[in-house]
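J.: Test case, fold it:
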Amino acid sequence: MAECVLSLIVAETVQRSTNQERQGYDTGYRFVEQMSERRLGTDPLEVMKFLCKELWFGMFGKQVDKLQTNHRGVFVLKDFQFRWLSRVSCADLEAKAAYEEKLLKYACGVLRGALANLGLEAAVTANAQAPACSFSVQLKT
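T.: Coordinates of the predicted model:
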């Protein structure tokens, strides 16, 4: 039930907002604030594992499918069935692509906000071939 409500809120936010990334940042920041009972250290790998398991499960009902790192501050989160993209349908391909881009900006913002709340600053980008999606997280030092 909560998952459906969250999906509706995200869809409404993406449709109405002009700055999806900022809205996502605020959402991610507050979401981690609500769900994080214990304080994690600032070890990047532990924070990323927390995001891949806890945050992803809280938002999408599943964990990230794959987490990769080069151990130099770059992480790639892969979700082979990214829920927000798998539910997008539109007859107009341009409109669909534009909406998917807004969703991805919002999702990147969610990750940035969550990381900020956990003490890490990062640049987040997304690449998608619906329904699969990968997020590249470059930690700033």
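
J.: Identify the single longest helix in the chain, thanks.
T.: With secondary structure taken from DSSP state H, the chain has its longest helix at helix 93-117.

J.: could you say what helices and strands the helix or strand following it packs with?
T.: For helix 93-117, the following helix or strand on the C-terminal side (DSSP states H and E) is strand 122-129. In this structure, strand 122-129 packs against helix 93-117, strand 132-139, with contacts taken as 3 or more C-beta pairs under 8 Å, 6 or more residues apart in numbering; DSSP states H and E. Placement of C-beta: from N, CA and C, glycine included.

J.: Minimum distance to Lys62: which of the ones you listed has it?
T.: Between Lys62 and those, the shortest separation by C-beta to C-beta is 12.8 Å, and it involves strand 132-139.

J.: what sits up against stretch 92-101?
T.: Outside stretch 92-101, the residues within contact range by C-beta atoms under 8 Å, 6 or more residues apart in numbering are Val14, Leu85, Val88, Ser89, Cys90, Ala128, Ala130.

J.: okay, who's weakest in those by pLDDT?
T.: In terms of pLDDT, Val14 ranks lowest among these, with 54.

J.: Give me the most central residue, the protein.
T.: Nearest residue to the geometric centre of the chain (C-alpha atoms, centre = their mean): Ala107, 3.7 Å.

J.: show me what contacts it?
T.: Neighbouring residues of Ala107 by C-beta under 8 Å, 6+ apart: Gly24, Phe82, Trp84, Ala126, Cys133, Phe135.
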